[in-house]
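K.L.:
Please find the sequence and the predicted model below.
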Amino acid sequence: MIAKENCWDPQMSTELVEHILLFKLFDSMIKDELPGYSSSADIFRINAGDMESLMALDLSSGLEQPSLPENNRLIDIICKHTRIVKYKKGDVIIKQGDYGNSAFFIASGKVAVILPPGLPEYQLEQPSDQKIGLLETVKKMWQQPCYPEQRGLQKSNSAYSARERQLHLDNVNDALKKYEHAELHSGEMFGEVGALGRTARTSTIVAEIYCELLEIRWQGLRDLRLLNSDFRKAIDDLYQKNSLLVHLYSLPLFSSLSNSEILLIAEHASFRTYGSFEWQADYKNKLESNSLTSQKSETLIVAEGGCADSIYLVSSGFARVSYKYNNGHQVLEYLGKGDIYGLETIIYNWKNNSRLHVKTSLYALGYADIIQIPGSIIERMVLPAMNGNEMDSYLSSELLQLFAKQKENSPVEELNTNEAVLDFMSDYHFINGSSTMLIDTDRCTRCDECVTACAVGHNNNPRFNRHGYRYDHFMVANACMHCKDPVCMIGCPTSAIQRNPSEGQIIINDELCIGCSTCANSCPYENISMVEARDSNGLVMRDEETQKPILKATKCNLCIDQPGGPACERACPHDALERIDIQDLPVMIGWMNR
Amino acid sequence: MTFWNRRLGNSLLLILICILFNGLIKYYGTPLYRIQLWTGWTLFSLMILLFLYGIRKKITLLPIGKVSSWLQFHSYAGLFSVLVFVNHISFRLPSGIFETALAILFIATALTGIAGMFFSRIIPRQLTRRGEEVIYERIPLFTFKLRELAKDLIFECTVQTSSTAVADYFQNHLALYFYKPRWSFFYLYGSMKDLHVMQTRHNNFCRYLNEQELSYANQLFELVRKKYDLDFHYTLQSLLKFWLFIHLPLTYALLLTMSVHLMLVYAFLGHLQ
Ligand code: SF4
Ligand code: SF4
């Protein structure tokens, strides 16, 4: 049996494993290995001897992907990445907008998925316990350790568990009467969209009655997907179905439609993933071969000049809209989760009874989950209900101005700085950053006050490098950008690197980090450093068995525990440094053109 | 808000405060000693406020406003303090030795402050536009690397061409240049005279080389250029760092002397009244 200390839940027991194997999703795995049992329900009749052999199951012979880490037996995955969690009636299991790293199977009970627009914010207010107080801040400034990377000095504050800050709705019955919701029952699963898509939770989910759930970390889902093709298919189908529905519900474009109309649209919509979910390896290769700027190697979603017969919704990942410019492509804008492509052309054609073709191309940047909805459906169900102003807002888009420009046959103007910046940001995939560190080198006096401030906040260890790729006089410094699609989290075997549930920063739990360097190797922007941990005497800590130095992954945590927020930004005397969401173009361009 | 708007707003505010201040002095300060007490205390308070900026920079973690906002205040309050100062000394140099020393300290502190402001606006642009971005502390390491590259090149050239011409040239004219980071006044006003002198010397030398030697000599000159850019960064970044080492001690000295001056003034105030 797997060692207790390697289990997520220290109470991991035979009973728990039984529970888990009850799920329909595991049926095929069990049937393969224990022919005597035709379904997971038979586990009820399991005898002690078989239970033993079940616990020792090694499914590795059936592996389809030889790249799985060692010891990835079903039982290992279950012990390492799952636990049973219990919720009282009214407990909020998932809060819309929070970030979560796990999905849930319902073992018993019933949960309610609150449909958009969801519960009002005041009902979901959470106490914020992450910042340290002023006194503690002052103490921290005085107590700077003498050696770099000393450990065991202060309590780690990087791990936050949603369970420890349980939200509860007292009046759950009233709330459910008032707000539209869907019910999920025992045997069903939820939370896989946020967990697998590395995105924020799309709806609030509340326990309608007492519930027992199996929580499974996304690493567990990933490993199980690799282990068994039936499981993979089941999970992928669920992911596609749910993310499609969730996305349609969340779009303002469909806000006036009824439930049944949205379901009808979902029937006609198709879901497809373009590019690779683990795009970082490809990015690094391109960076090394200096071919980042070449559009050829990116996955085409819609070709310029094609027929405008659908709209495309980005459900996760990123895409770039570009048009041909001499022998290259000029980026017009980039799209992220929630953005729509192609709608303005459909509206234009519908309103003017014309047959304008698509004037731009859409490429997946890394990877993008795209929902395609036929234009005819939009024309039939959405456009007639749209008012004039709404339509005009789409028609006044930059894209249509481009159509007008091309109609007049005027030569394409020379690129201005702002357009070239878009090219740069999408070539290097910096659009992924929600808090990218931009430095205006025309104002930066190289005083390193920012680096010093960062060090003071992190026990004398700066967590970024004032160095990086530059476009003109703007530098994207080597500091964690707290990506919208954090690929660094993909391979972490212990879930040490995770999203802060409430604000979405990517944080590393130093205690859980085993120094395997997977995250540092996965980060496409090289913003994670592996350091040797030291004890209070300044000596490098070593593994007792191998005598190798103990490594820890470190990076910017956006000063998550500081009362004033990012210290680097506050410390710069010359307004040269800013943490910016690159997708927020008006803010970024505004900052650049100060 | 653009920087120009901010500058305009702050400047207008400063002008307004200066006008108000002068008006107040004219209105209230009939006896001379009273004006000076008034302006003296204003000046002293301003100095304390200006000094606080240095402390704010040290306590980076406390949420007490961005350092850049404090610097804005520091710069404009510093300019205002010049007006208060000239009013305090009634637009002429004081006569006593102590007072003269104090006045000189003030002027030096103000001038270094203004110079710092000027450097921090002008130099970053020059750094951005020349060579690669380089961290100051690493310049000696890069210099060492360049020197090693140059030596390897010379060695290879001597072996491949069986001639010591390029090696001799390096030894006579460039060895010292590659030895360590160089500080040069030329960089401060954007002159490239040094590089032109080296380029001319290089061109003259190249006339007497065969093709193989010429290729090595040209590669060597590429390294010379890189070293030149490194020195450029070294000089300008040194200036950005070290002007503070003049401004800061002056500030401490000024505050100390001002305090003594204040005590002396109060010691003699009864006599004046
Ligand atoms: S946000 Fe904080 S941790 Fe991140 S680079 Fe800035 S100072 Fe360092
Ligand atoms: S604090 Fe500001 S001016 Fe100083 S090095 Fe950092 S970004 Fe540049």
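P.N.:
Okay, I see it. Keep in mind the model is a prediction, meaning the values are calculated, not measured. Numbering: from 1, shown residues only, chains lettered A, B, ... in the order given. Ligands and ions are numbered 1, 2, ... in the order given.
K.L.:
Can you give me every residue that contacts the closest residue to ligand 1 within the stretch 51-200 of chain B?
P.N.:
Using Cβ to the nearest ligand atom, the closest approach of the stretch 51-200 of chain B to ligand 1 is made by B:Thr60 at 8.6 Å. From N, CA and C alone the C-beta is placed, and that goes for glycine too. Applying Cβ atoms under 8 Å, 6 or more residues apart in numbering or on different chains to B:Thr60 gives the contacts A:141, A:449, A:452-453, A:456-457, A:567, A:570-571, B:67.
K.L.:
would you say it is within a helix?
P.N.:
No - counting by DSSP: H, G, I helix; E, B strand; the rest coil, one finds B:Thr60 to be coil, located in no helix.
K.L.:
and residue 107, which of the three is it?
P.N.:
If you meant another chain, say so; for now it's chain A. Recorded secondary structure, A:Ala107: strand (three-state DSSP).
K.L.:
helix/strand/coil for whichever residue of the stretch 351-500 of chain A sits closest to ligand 1?
P.N.:
Proximity of the stretch 351-500 of chain A to ligand 1 (Cβ to the nearest ligand atom) peaks at A:Cys454, 3.1 Å away. A:Cys454 falls in the helix class when you classify it by three-state DSSP.
K.L.:
how far does the helix or strand harbouring B:Leu24 sit from the chain's center?
P.N.:
For B:Leu24, the element it lies in under DSSP states H and E is helix B:3-28. Relative to its chain's centre, helix B:3-28 lies at 27 Å (Cα atoms, centre = their mean, to the nearest Å).
K.L.:
Stretch B:218-238 too?
P.N.:
In terms of Cα atoms, centre = their mean, the centre of stretch B:218-238 is set 21 Å apart from its chain centre.
K.L.:
Need the residues that contact it.
P.N.:
Stretch B:218-238 has contacts (Cβ under 8 Å, 6+ apart) with A:446, B:123, B:126-127, B:130-132, B:134, B:136, B:139, B:142-143, B:146, B:149-150, B:153-154, B:166, B:170, B:174, B:177-178, B:181-184, B:187-188, B:194-195, B:198-199, B:202, B:206.
K.L.:
Check which residues of that stretch are buried.
P.N.:
With burial defined by 16 or more other Cβ atoms under 10 Å in any protein chain shown, the residues of stretch B:218-238 counted as buried are B:220-221, B:223-224, B:226-228, B:230-237.
K.L.:
Pull the number of nearby residues for the one residue in the stretch 201-350 of chain A that gets nearest to chain B.
P.N.:
When scored by Cβ to the nearest Cβ, the stretch 201-350 of chain A has A:Asn290 as its residue closest to chain B, at 16.6 Å. A:Asn290 has 8 neighbours, counted by other Cβ atoms under 10 Å in any protein chain shown.
K.L.:
For the residue of chain B found nearest chain A, which non-adjacent residue is spatially closest?
P.N.:
Going by Cβ to the nearest Cβ, chain A is nearest to B:Pro63 of chain B, at 3.2 Å. Distances taken as Cβ to Cβ, 6 or more residues apart in numbering or on different chains place A:Gly564 nearest to B:Pro63, at 3.2 Å, with adjacent residues excluded.
K.L.:
Tell me the spacing between the one you found and A:Ile550.
P.N.:
32 Å (Cβ to Cβ, to the nearest Å).
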